[in-house]
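Student: Sequence and computational prediction follow.
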2 protein chains.
Amino acid sequence: MSKGYHVAIVGATGAVGVELLHVLERRNFPVSKLTLLASARSTGKKLSFAGSHVDVRELDAAAFDGVDFAFFSAGATRSREYAPIAVKAGAVVVDNSSAFRMHGDVPLVVPEVNAAAMMGHKGIIANPNCSAAILVVTLQPIQAAAGIRRVIVSTYQAASGAGAKAMAELERQAREVLDGKPVTKEVLPHQIAFNVFNHNSAVAENGYNEEENKMVEETRKIMGLPSLQIMPTCVRVPVFRAHSESVVVETERKLTEQEAREIFSKAPGVKLVDDRAGNHFPMPLEASGDLDVHVGRIRQDMSCENGLAFFVSGDQLLKGAAWNAVQIAEHLIRK
Amino acid sequence: MSKGYHVAIVGATGAVGVELLHVLERRNFPVSKLTLLASARSTGKKLSFAGSHVDVRELDAAAFDGVDFAFFSAGATRSREYAPIAVKAGAVVVDNSSAFRMHGDVPLVVPEVNAAAMMGHKGIIANPNCSAAILVVTLQPIQAAAGIRRVIVSTYQAASGAGAKAMAELERQAREVLDGKPVTKEVLPHQIAFNVFNHNSAVAENGYNEEENKMVEETRKIMGLPSLQIMPTCVRVPVFRAHSESVVVETERKLTEQEAREIFSKAPGVKLVDDRAGNHFPMPLEASGDLDVHVGRIRQDMSCENGLAFFVSGDQLLKGAAWNAVQIAEHLIRK
């Protein structure tokens, strides 16, 4: 343990799994041994890590012997079955699925916001929904400075949130449209190329989709504000891998635009991109690959005395998934 | 005049000009003579209309002799210069530019909302900004039923709003990205293919872009509500020709979701697309080519007692431009 940790990645060949490998490399995470796990159809593949090729093996109950950190990103069903096994084997599980996020005894963590919630964890720490993770990094400094009453947020969500196959579908469909061919649909319910549609999760009785419900309940849990008022609209756009969010907040204490800019410029995990003269603000294209969440278009809400508007872009696969997970592990190591 | 009208189109070869021709055909607009006008570099071109080919001639002061309806869609500078000349020559001008929209003696009209404002016009009737036109069709029935206090709107705007060249740029850039080539920018300030960015109009001192300011002031003028509170965020998305808008309204009287659905189902110019079980809601792809504005995702705002949320898609070139202009002319003929 002194020279490094035995790290396992469950779902290693998925969009987030691949990013986890990149982030571990990029952060020089102290890996002494790496176990890559996936479903049977991916076994035999090799993935490169820090200059060597690592075999992908099939996920089974024996896979977690000696593992220190197990990053799960293979869906809620797999997490529900194998995360407890990994914990029993002695691993700390950082789970990217929705399986345990709302469990009372599982911390749901965005380190910039509630790192302290990790104390006293019972083996599983949940990584939040991508849209919520990106949002709370920007809400937290506003909450600390002025108190938030209400949040109205409309998202511009990338294909990556629906996995590597959805990213490939965006590419394939774009080609089909450009070539004048019929558009084929395999992953997403509607054509994503050159189109926009309601998030592809189920719509509940009250008209909200699952993604919107996650944004509300997870934001409340992470920020420790169980009655925070949030009005979300989650929308897919034809972008590969970074989510954007148009945010309006109503605060207890009025914040000037200058104060808000100052607050964001000092906030952890946030990069200010707010050049009015150059019409240069957060864009998914520029946020892609960046660990920080980009924030800009900061302006007074002209419809509400205590309102503040801003626009956010954050890499769905990084801050929305892999980077936040690795950040959690880094925090645990430091403590 | 009894058998038809002499119609002129200024900017006939532009994205909106071409749509004006299609809409006049589609509506069987009583055209007895058609004059197509454009800048010098388009003269010599022919455009097809109702089975024949019509020459495009250069816009000049003599072009409006005998014209009954002149549809202008060649930018504000051209409208400022030639619309008064057309009026002097006896034409009614329906102007798609921003040149006269906020003039006190020029009606700014969306027929579903304020057809009566056309009475007593002085020769020029202004066609609104596309985002405002699409929005007010959906706000008006809510205003009539329950009174609107505040509107929070985030847009998903198509390339067509920046003209035919921007649509071509989206196509060209998408190919470049797919082919792994460097992306070239000619029209829009940022890459539009597989990206999202702040609307490409200038950003004012207060942080709002021109499109947002237009949405606010034009919505107020069209609806006759000079102090309506509106918080707009205008964003470009990689879609060809229909705009979408995520809308949250706060009403004086609380509307249930069922009441709102009922109201929209009876509203002129609106098509309800609100299938929760099928996850089928307004999409720019389906709204493209449709004269009606699609409305769906109708739900109670979970963050505000009197709040209502919905999602809108409308064809930017049709209800946002050409169709609204022809609708204005149809109204004038009927009166």
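Tutor: Looks like it came in fine.

Student: for A:Asn213, what are its contacts?
Tutor: A:Ala204 (CB atoms under 8 Å, 6 or more residues apart in numbering or on different chains). Quick note: C-beta positions are derived from backbone N, CA and C, even for glycine.

Student: so it is in which element?
Tutor: Element membership for A:Asn213 (DSSP states H and E) is helix A:210-223.

Student: Next, the angle helix A:210-223 makes with the next helix or strand after that helix.
Tutor: Per DSSP H and E, the first helix or strand lying C-terminal to helix A:210-223 is strand A:229-233. Interaxial angle, strand A:229-233 versus helix A:210-223 (axes from the mean of the first three to the mean of the last three CA atoms, to 10 degrees): 150 degrees.

Student: The stretch 1-150 of chain A: helices as residue ranges?
Tutor: For the stretch 1-150 of chain A, applying DSSP state H, counting those that start in this stretch gives helices covering A:15-26, A:76-88, A:111-114, A:130-146.

Student: Please put the alpha-carbon coordinates of stretch A:259-271 into CSV.
Tutor: Only the C-alpha atoms of stretch A:259-271 are listed here, as CSV (Å, rounded to 0.1, in the frame of the first residue of the first chain):
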residue,chain,number,x,y,z
GLU,A,259,-19.5,39.9,-6.8
ALA,A,260,-20.6,36.8,-8.7
ARG,A,261,-17.7,37.1,-11.1
GLU,A,262,-15.3,37.5,-8.1
ILE,A,263,-16.9,34.5,-6.3
PHE,A,264,-16.6,32.2,-9.4
SER,A,265,-13.0,33.3,-10.1
LYS,A,266,-12.0,32.0,-6.6
ALA,A,267,-14.2,28.9,-6.6
PRO,A,268,-12.5,25.5,-6.7
GLY,A,269,-13.1,23.5,-9.9
VAL,A,270,-14.4,26.5,-11.8
LYS,A,271,-12.8,28.3,-14.7
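
Student: per-domain residue ranges of chain A.
Tutor: Domain segmentation of chain A under automatic domain parsing yields A:5-127+A:321-334, A:132-316.

Student: before we move on, the earlier item: show me the one of the helices of the stretch 1-150 of chain A that comes nearest chain B.
Tutor: Evaluated with CB to the nearest CB, the helices of the stretch 1-150 of chain A place helix A:130-146 nearest to chain B, the distance being 13.5 Å.

Student: which other helices and strands contact that closest one?
Tutor: With contacts taken as 3 or more CB pairs under 8 Å, 6 or more residues apart in numbering or on different chains; DSSP states H and E, helix A:130-146 sits against helix A:111-114, strand A:148-156, helix A:210-223, strand A:242-251, helix A:257-266, strand A:270-272, strand A:293-300, strand A:307-315.

Student: mind giving me CSV with those and columns for mean pLDDT?
Tutor: Formatted as CSV, the helices and strands packed on helix A:130-146 follow (pLDDT from 0 to 100):
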stretch, mean pLDDT
helix A:111-114, 98
strand A:148-156, 98
helix A:210-223, 98
strand A:242-251, 98
helix A:257-266, 98
strand A:270-272, 98
strand A:293-300, 98
strand A:307-315, 98
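
Student: how about the ones you listed in TSV, adding distance to A:Pro30?
Tutor: Formatted as TSV, those follow (distance: least, CB to CB, whole Å):
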stretch	distance to A:Pro30
helix A:111-114	18
strand A:148-156	35
helix A:210-223	27
strand A:242-251	28
helix A:257-266	29
strand A:270-272	26
strand A:293-300	26
strand A:307-315	23
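
Student: rewinding a little: return the most buried member of the helices of the stretch 1-150 of chain A.
Tutor: helix A:130-146 (a mean of 24; mean count of other CB atoms under 10 Å in any protein chain shown).

Student: Using PDB, write out the CA atom coordinates for that one.
Tutor: What follows is helix A:130-146, C-alpha atoms only, in PDB (Å, rounded to 0.1, in the frame of the first residue of the first chain):
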ATOM      1  CA  CYS A 130     -23.200  14.200 -14.400                       C
ATOM      2  CA  SER A 131     -25.600  17.100 -14.800                       C
ATOM      3  CA  ALA A 132     -25.900  17.500 -11.000                       C
ATOM      4  CA  ALA A 133     -22.100  17.300 -10.500                       C
ATOM      5  CA  ILE A 134     -21.500  20.000 -13.000                       C
ATOM      6  CA  LEU A 135     -24.200  22.200 -11.500                       C
ATOM      7  CA  VAL A 136     -23.300  22.000  -7.900                       C
ATOM      8  CA  VAL A 137     -19.700  23.100  -8.500                       C
ATOM      9  CA  THR A 138     -21.200  26.400  -9.600                       C
ATOM     10  CA  LEU A 139     -24.000  26.600  -7.100                       C
ATOM     11  CA  GLN A 140     -21.900  26.000  -4.000                       C
ATOM     12  CA  PRO A 141     -19.900  29.200  -4.000                       C
ATOM     13  CA  ILE A 142     -23.100  31.200  -4.700                       C
ATOM     14  CA  GLN A 143     -24.900  29.400  -1.800                       C
ATOM     15  CA  ALA A 144     -22.000  30.100   0.500                       C
ATOM     16  CA  ALA A 145     -21.900  33.800  -0.400                       C
ATOM     17  CA  ALA A 146     -25.600  34.700  -0.700                       C
END
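
Student: Just give me the neighbour total for the closest residue to A:Glu245 other than its chain neighbours.
Tutor: Taking CB to CB, 6 or more residues apart in numbering or on different chains, and ignoring the residues beside it in sequence, A:Glu245 has A:Val312 as its nearest neighbour in space, at 4.6 Å. A:Val312 has 30 neighbours, counted by other CB atoms under 10 Å in any protein chain shown.
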